[in-house]
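**Student:** how would this look folded up:
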Amino acid sequence: MNDQKVVIPLKRFLLIEQCPVGWKGLDLYMFRDEAVVFYVGQSHLAFARVWEHLLSGFKGHSIMGRFVWCNWPTSMKFTVELLSSQLEQFGVVGNELSAAERLLIQQWTPCFNVSQNRQPTPVPNSYLPANAPFRRRRSLNALIHEAERAVKAEDNQLWTQEME
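**Tutor:** Model prediction:
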């Protein structure tokens, strides 16, 4: 039984090409910032589904992916959460995957989940809407390179602070 939860900044998620073995049982996912959940979803392999959203965003096939790229580079600070429907918190719904997803949608009222969500949270005004034009190139490799630089700068800053 998998009871793991992974919380990772999007900029770091983008640097992971293959799903780590320990994440393979995670079947729920959320895109969020520090205050708002944008989207909740389910998949038998949440890691791969998050990547599908990101890749489909370039062609407009995923509103969540499109929202990420329209708000780049600010969206680098978004968080991706991967969870297992087998977590204790989902015991109230028998740890059933679809019921666990519904529970998360009811709890967080995500902006882009319209199904099973009576009052989606409005997208904060600080973000561009998902139908805004891209402000960066439509090259995944270029965006991943930007994420790598941001992660390296963040790691260097943390290392410098530890040395003081």
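**Student:** where does pLDDT dip in the chain?
**Tutor:** Scanning the chain with the threshold set as pLDDT under 70 gives 1-3, 136-138.
**Student:** please redo it, this time with the cut-off set to 50
**Tutor:** By pLDDT under 50, the low-scoring segments of the chain are 1-2.
**Student:** which stretches of it form helices?
**Tutor:** Assigned by DSSP state H, the helices in the chain fall at 10-13, 46-57, 63-70, 97-108, 140-163.
**Student:** counting by contacts, list what the second one packs against.
**Tutor:** I take that to be helix 46-57. For helix 46-57, the helices and strands in contact under the criterion 3 or more Cβ pairs under 8 Å, 6 or more residues apart in numbering; DSSP states H and E are strand 28-32, strand 37-42, helix 63-70, strand 79-83. Every residue, glycine included, has its C-beta placed from N, CA and C.
**Student:** dump these to CSV, plus mean neighbour count and distance to residue 161.
**Tutor:** CSV is the format used below for the helices and strands packed on helix 46-57 (neighbours: other Cβ atoms under 10 Å; distance: least, Cβ to Cβ, whole Å):
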stretch, mean neighbour count, distance to residue 161
strand 28-32, 24, 26
strand 37-42, 23, 30
helix 63-70, 23, 29
strand 79-83, 21, 21
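**Student:** columns distance to residue 114 on top of these, output as JSON lines?
**Tutor:** As requested, those are arranged in JSON lines below (distance: least, Cβ to Cβ, whole Å):
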{"stretch": "strand 28-32", "distance to residue 114": "15"}
{"stretch": "strand 37-42", "distance to residue 114": "10"}
{"stretch": "helix 63-70", "distance to residue 114": "10"}
{"stretch": "strand 79-83", "distance to residue 114": "20"}
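**Student:** among those, which comes closest to residue 119?
**Tutor:** Nearest to residue 119 among the helices and strands packed on helix 46-57 is strand 37-42; the distance by Cβ to Cβ comes to 13.2 Å.
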